[in-house]
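Enquirer: output the structure for:
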Amino acid sequence: MNSVQRRGLVNAAVAAVATFAIGSAVVFATSGSTGEATPEPSPTASASPPPPCTPRWDVVRSANRSEEPTTLLGVTVVTASEAWAVGGIGQDPDAPTAIAIQRWDGNKWSPVEAPSPGSFVNELRAVDAAEPNDVWAVGRTDSGFGDDPLAMHYDGSAWTESELPGDIHGVLNGVAAISPTDVWVVGFSGDPDVSLERALVLHWDGSAWATVEVGKTIGGGKAALEDIAAVSPTDLWAVGYHHFQPAMLRFDGEAWSNSPTDIKGTVHAVEAFATSQVWAVGRPIQEFDGESWTEAPMAKSDADLVAVAAVGGQDIWAVGSRPGKQRDTTSAAVYRYGGHRWVPVDGPSVPGSDVLTAVDALPDGTVLAVGYKDVQTGRRTLAIRGATCPPPA
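Expert: Numbering: from 1, shown residues only. Modelled structure (predicted):
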């Protein structure tokens, strides 16, 4: 539209307004005035504020194979109706004899068959999915010569053991499956009972596993990595301990480096939501803002938190346990960060001594966590679903 057309429209609008005003005055005069003010139309009622939202969690149905004690230690959520949980089955929870794998269908968990390659011990500690038909789980196995790392893969039809470098003895604790040709796992090699464990990192390139040296990065002596998370293929985080103090490592696409923290305590898990927002969960919770680690504000708590997952940047969930009401018992602990500080999330009372060991979440608000409960009949699986709150408008 040129300037001439614009002026023409403006002049026409002015004339129309004037004509309307004169016509209105004539109508008013001929109808007569009562001396009363014409009532103003009532304004349209404003939209009702949304009802208050309180996050909570509830127990969902999980599976137990016969009467054998079962522990769940890891979980990954693919979609709201597709998730995997892993752990171990056996009379001794510290040395389970068979692999435990369960699958979520949106309403309940069901057991899935999987091989148990070790003669004495078989246990999966973590699981992650690059795609629905590309799922990785890691842990340990023992055939009488001590712990060996274990990696298993689901290809859409069955779970199978994946061959690892043969010269490694130890345990795998965490996995980050970025793509079918880019998978990272962490743990330790050596024997922690005599303080000889060393941090272990392996990488899958789509064809084979290779050891990635991080000894000089994390430092010499007693060290292990407990969890790993990825923002992207060129931004990964791994956490654990080095001589009983928190260890934070970062991968930039080329090499692993140390991300030092001055905060004392323990670190069990990491969630890397963005390059400038990384959470390390333990006692206390730490947050990385892109430059340094700081202690996160938290409601007074005696909880031991061991896993963390993000729905969004202002919606982070962590799970673990706290001392129970009876001696030598624990109860499930669920905490949430909503943008200000970490606060407990309420849920139902669970019979027995219960613990949550893993949690995962999706941007659509799906939050699933797993663990176990010890009751009179033995150890049973425990699974919960969180109900979060929508972000503020």
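Enquirer: give the contact list for A303.
Expert: Each residue near A303 by Cβ atoms under 8 Å, 6 or more residues apart in numbering is listed here: 320-322, 333, 335, 344. C-beta coordinates here come from the backbone N, C-alpha and C atoms, glycine included.
Enquirer: neighbours around the closest residue to it other than its chain neighbours, how many?
Expert: Counting by Cβ to Cβ, 6 or more residues apart in numbering, A303 lies nearest to A333, which is 3.8 Å off, once chain neighbours are set aside. Residues near A333, counting by other Cβ atoms under 10 Å, number 23.
Enquirer: part of a strand, is A333?
Expert: Yes: the assignment for A333 (DSSP: H, G, I helix; E, B strand; the rest coil) places it in a strand.
Enquirer: residues in contact with stretch 272-284?
Expert: Against stretch 272-284 from outside (Cβ under 8 Å, 6+ apart): 229-231, 235-237, 239, 246, 248, 261, 263, 265-271, 285-290, 293, 295-296, 298, 304-308, 310, 312-313, 316, 318, 337.
Enquirer: give me that answer again for 6 Å
Expert: 229, 231, 235, 237, 239, 265-271, 286-290, 295, 305, 308, 310, 313, 316, 318 (Cβ atoms under 6 Å, 6 or more residues apart in numbering).
Enquirer: so which of those residues sit within strands?
Expert: 229, 231, 235, 237, 239, 266-271, 286-288, 295, 305, 308, 310, 316, 318 (DSSP state E).
Enquirer: low-confidence ranges, the stretch 51-200 of the chain, go.
Expert: 51, 65-66 (pLDDT under 70).
Enquirer: for D302, which non-adjacent residue is closest in space?
Expert: Nearest one to D302, counting by Cβ to Cβ, 6+ apart, is R322 at 5.3 Å.
Enquirer: quick revisit: of the contacts of stretch 272-284, buried ones?
Expert: Listed as buried from those are 229, 231, 235, 237, 239, 266-271, 286-288, 305, 308, 310, 316, 318; burial here means 16 or more other Cβ atoms under 10 Å.
Enquirer: circling back to that earlier point, surely the residue nearest to D302 is within a strand?
Expert: Yes: secondary structure assignment (three-state DSSP) places R322 inside a strand.
Enquirer: my guess is it meets K300, correct?
Expert: No: contact status for R322 versus K300: not in contact, 11.6 Å apart, counting by Cβ atoms under 6 Å.
Enquirer: so which of those two has more stuff around it?
Expert: R322 (15 against 5).
Enquirer: report how many residues lie close to E161.
Expert: 16.
Enquirer: wait, it touches P117, no?
Expert: Yes: with contact defined as Cβ under 6 Å, E161 and P117 form a contacting pair (5.2 Å).
Enquirer: quick one: the strands in the stretch 51-200 of the chain?
Expert: With strands called from DSSP state E, counting those that start in this stretch, the stretch 51-200 of the chain shows them at 56-60, 70-79, 82-89, 98-104, 109-111, 121-131, 134-142, 147-154, 159-162, 170-179, 182-189, 198-204.
Enquirer: next, the buried residues of the fifth one.
Expert: Residues 109, 111 are the ones in strand 109-111 that count as buried (16+ other Cβ under 10 Å).
Enquirer: pairing partners for that strand, with directions?
Expert: For strand 109-111, the pairing partners within the sheet under DSSP bridges are strand 98-104 (antiparallel).
Enquirer: contacts for the partner strand?
Expert: By Cβ under 6 Å, 6+ apart, strand 98-104 touches 63, 70, 83-89, 109-112, 114, 116, 122, 124.
Enquirer: at 7 Å instead, please
Expert: Applying Cβ atoms under 7 Å, 6 or more residues apart in numbering, the contact partners of strand 98-104 are 62-63, 70, 72, 82-90, 109-112, 114, 116, 122, 124, 159, 368.
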